[in-house]
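[1] Requesting a structural model of the entry that follows:
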Amino acid sequence: MKIPEKGRGVKEIMTALEKFRDGDVDWRSGRTWGFVYDAGREAMAVAKEAYMMYLTENALDPTSFPSVMQMENQIISMAANHVGGDGETVGNFTSGGTESIMLALKTARDYARVKHPEIHEPEVILPVTAHAAFHKSCHYLGLKAVATPVLDDAFTADVSAMRAAITPNTILLVGSAPSYAHGVVDPIREIGKLALEKNLLFHVDACMGGFLLPYYKRLGEKITDFDLTVPGVTSLSMDLHKYAYCPKPASIILYKSKELRRYQIYACSCWTGYTIVNPTAGSTKSGGPLAASWAVLNYMGDDGYMELARKKIACMKKLIAGIEAIDELRLQGSPEMSLVCFVSDTVNVFHIVDEMAARGWYIQPQLAFANSKENIHISIAASNVRWVDELLKDLRECVEIAKGMPGGEIGKQITEAFSNIDPDSLTEEMFTQMLGMAGIQGTALPERMAEINEILNALPVKLREKLLVEFLNDLFILKEN
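    Residues are numbered from 1 along each chain as shown. Next comes the predicted model:
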């Protein structure tokens, strides 16, 4: 495809853009339980107006656009107060949870380079339930991710296992509040004690729960201590584009003090151009997300967020009760906030997901790993609350349908054919053969995903990752259209 010879009309362009969305999940309906967090049309309208107002302001240079820095400082102040920060707390606005986590690890790495120059192969200790962004960040930053087991059934960090994993190369401990997959909060106080004992930095990934959990606690829910008031916690990440309902991309990284945060900042004077000093990974960036987040936080207010939290608690309890009332399903973990994970010992959960999708629902399949069985994950947002009864009704019916569908055969075939293959020896022919067994020809996704999820679930982790890389590498290719 080439740039058109002549410019196209606005109406034609907007029609084309709208057409692109035909295959997207319909998040506006409120039937999408994940990916998009929607607080309603009014909040969205405020966000869009603020976003567009600052679309072209450049957050690269606060001396040129002090308005952007002023908004960032106010957002950080609100965030710090929300999660137990004090007068020494500092932080920055980032493009999302992955960047917040990456910056926390970059800070720990550079801190160790100064304080512990004897460490040449730095290690980060994290439970197997920690977000994949930690593994991605370690990969990018040259750190070793040391994964430790979690407690059976509870799926919370095993602190004794974390203790046993500490070596002279350890630079950082990690805990989740909550972990994405199961919605459970790690024993942050106990990990904090370990961090203090071993004189280690300790990052709490509260990207999912940092904004919502304080409201749950104020509403009387039993919430595990997780914030900056916990001794030993040195940094914390919290997304605003999830349960603060701000537009993407919007996240926060907080530190106990600017003495630690200085290791996050990058400066470069060894070139002939303008002064480079970046607190976050990006340089040039729109002021739009910052302005939109500032606007939404002020528009919703503490009382607005409290009311949404109250509704989500009621929805979560109804959802959990409904799932537990279906004989073929059971919860995996005991969630402390609005992330619910459930499994089946008798029915193929991937077929359940497909049947729900056919009825207009988006719920998320998760593959098996460690002691976590393949499961279905649901994130409850404000827009989902009114749909919980209908969701449960369709879920019961879809479980009954899935009971009569085959499951496990493709997984067995894949295990027999490919489980002993070295991932590095995976050829294009093998890749095509695996996808063909799932009914996939070329790079077009099938309407039903049960077979491809079953294949991924059956493969060893490294081979699973290789297949995903090969598929995505083929998906993003140049096509004439």
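
[2] And the helix of greatest length in the chain, what does it pack against?
    Looking across the chain with DSSP state H, the single longest helix is helix 288-324. With contacts defined as 3 or more Cβ pairs under 8 Å, 6 or more residues apart in numbering; DSSP states H and E, helix 288-324 has these neighbours: helix 41-53, helix 66-82, strand 90-94, helix 213-218, strand 330-331, strand 339-343, helix 388-403. C-beta coordinates here come from the backbone N, C-alpha and C atoms, glycine included.

[3] Starting from the fifth one, tell me which strands it pairs with and how they run.
    The strands beside strand 330-331 in its sheet (DSSP bridges) come out as strand 339-343 (antiparallel).

[4] Could you list every helix and strand in contact with the next helix or strand after the partner strand?
    Downstream of strand 339-343, the next assigned helix or strand under DSSP states H and E is helix 349-358. With contacts taken as 3+ Cβ pairs under 8 Å, 6+ apart, helix 349-358 sits against strand 364-366, strand 375-379, helix 388-403, helix 450-458.

[5] Nearest approach to Ser419 belongs to which of these?
    Closest to Ser419 of the helices and strands packed on helix 349-358, according to Cβ to Cβ: helix 450-458, at 7.7 Å.

[6] Give me the average confidence score over that closest one.
    Averaged across helix 450-458, pLDDT comes to 88.

[7] what do you get for stretch 105-117?
    On average, stretch 105-117 scores 98.

[8] Relative to the whole chain's centre, how far out is that stretch?
    A distance of 25 Å separates the centroid of the chain from that of stretch 105-117, by Cα atoms, centre = their mean, to the nearest Å.

[9] Alpha carbons of stretch 213-233, as CSV, please.
    Only the C-alpha atoms of stretch 213-233 are listed here, as CSV (Å, rounded to 0.1, in the frame of the first residue of the first chain):
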residue,chain,number,x,y,z
LEU,A,213,-7.9,-1.7,46.8
PRO,A,214,-7.8,1.4,49.1
TYR,A,215,-11.5,2.0,48.3
TYR,A,216,-12.3,-1.7,49.1
LYS,A,217,-10.6,-1.3,52.4
ARG,A,218,-12.5,1.8,53.3
LEU,A,219,-15.7,0.0,52.4
GLY,A,220,-14.9,-2.7,55.0
GLU,A,221,-13.4,-5.4,52.8
LYS,A,222,-10.6,-7.4,54.3
ILE,A,223,-7.6,-6.3,52.2
THR,A,224,-4.0,-7.4,52.7
ASP,A,225,-1.6,-4.5,53.5
PHE,A,226,0.3,-3.6,50.4
ASP,A,227,1.1,0.1,50.1
LEU,A,228,4.0,2.5,50.8
THR,A,229,3.2,2.4,54.6
VAL,A,230,4.5,-1.2,54.7
PRO,A,231,8.1,-1.3,56.0
GLY,A,232,10.5,-2.5,53.4
VAL,A,233,8.5,-1.4,50.3
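
[10] before we move on, back to that, closest one to Met78 among the helices and strands packed on helix 349-358?
    By Cβ to Cβ (comparing all of those), the closest turns out to be strand 375-379, at 23.2 Å.

[11] burial count for the closest residue to Pro460 other than its chain neighbours?
    Once flanking residues are discounted, Pro460 sits nearest to Ser419: 6.0 Å by Cβ to Cβ, 6 or more residues apart in numbering. Other residues lying near Ser419 total 11 when counted by other Cβ atoms under 10 Å.
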